[in-house]
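Colleague: generate a structure from the sequence data that follows.
(one chain, ligands or ions: 1)
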Amino acid sequence: MGTTDFKKFLNDSASQEAKKTINILPSKYKNLLKDYIFKFDLGTTLKGDKENVGVVQKIKDKKEIRVASSWSFSREFILLHEIGHVIYANFVAGKPIAKIWAKLSKKYKQKNEKGNEEETFCHRFAANYSQHPPTMFGKTTEDLASFFKQLEKSN
Ligand SMILES: [Zn+2]
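Modeller: This is a model prediction of the structure:
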C-alpha cells in the first residue's frame, strides 16, 4: 500500500472501530453524537498540537472529534474520553447531578491527574464504557457504575 492508501486504510478502519464503540453507548448519547464528524490522526499526538491526544471542536458549524494514535491509551479510550466532554457539557454541567459527580470526582481523581472535575469525569466515563479500559483506572466500581446508570436516565 502507498502512504496515501495506508492512511486511508487506517482512517477507514478507525472509523469502523469508532462506529462500534459509539453503538455500545445508550441511545441518548448516540443521538447527541449524530452531528459529529470523527477524525483520526496517525501521530501519537494531534497534528499541530503536541500536548493533546484528542479534542472536541467546532469549526464553523461543523462539530468534530479528533483522536490521535497514542502509545499510552487506545483510540477507543481517547474517543470515549472526548465523547465524555460532550456528555458532560450536555447532561452534567449545571444540572443537579453535577453535585453527585463533584463528590465522586474527589474520590476518584488520581494523584497525577491534571485538570478538573470534568477531566476526571471524562476518564471515568471512558473507563466505564470501554471494552478494554487502561489498567491504571481499574475496573469500574459499583458507585461509579450506578452514577453512570443514573446519568443515562437523567434529563
Ligand atoms: Zn479531556
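Colleague: residues of the longest helix anywhere in the chain that come out buried?
Modeller: With DSSP state H applied, the helix covering the greatest number of residues in the chain is identified as helix 3-24. Across helix 3-24, burial judged by 16 or more other C-beta atoms under 10 Å covers 14, 17-18, 21-22. In short, each C-beta sits where N, CA and C put it, glycine included.
Colleague: now do it, average pLDDT.
Modeller: Confidence for helix 3-24, expressed as mean pLDDT, is 80.
Colleague: ok, then the element right after that helix?
Modeller: helix 27-33 (DSSP states H and E).
Colleague: which SSE is immediately downstream of that next one?
Modeller: strand 36-40.
Colleague: immediately after that next one, which helix or strand?
Modeller: As assigned by DSSP H and E, the chain's next helix or strand after strand 36-40 is strand 54-59.
Colleague: then that following strand to CSV, C-alphas only?
Modeller: Extracted in CSV, the C-alpha atoms of strand 54-59 (Å, rounded to 0.1, in the frame of the first residue of the first chain):
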residue,chain,number,x,y,z
GLY,A,54,-7.8,14.1,21.5
VAL,A,55,-10.1,17.1,21.1
VAL,A,56,-13.7,18.1,20.6
GLN,A,57,-14.0,21.2,18.4
LYS,A,58,-16.4,23.3,16.4
ILE,A,59,-15.1,24.6,13.1
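Colleague: elements contacting that strand?
Modeller: Packed against strand 54-59 by the contact rule (3 or more C-beta pairs under 8 Å, 6 or more residues apart in numbering; DSSP states H and E) you find strand 62-67, helix 75-87.
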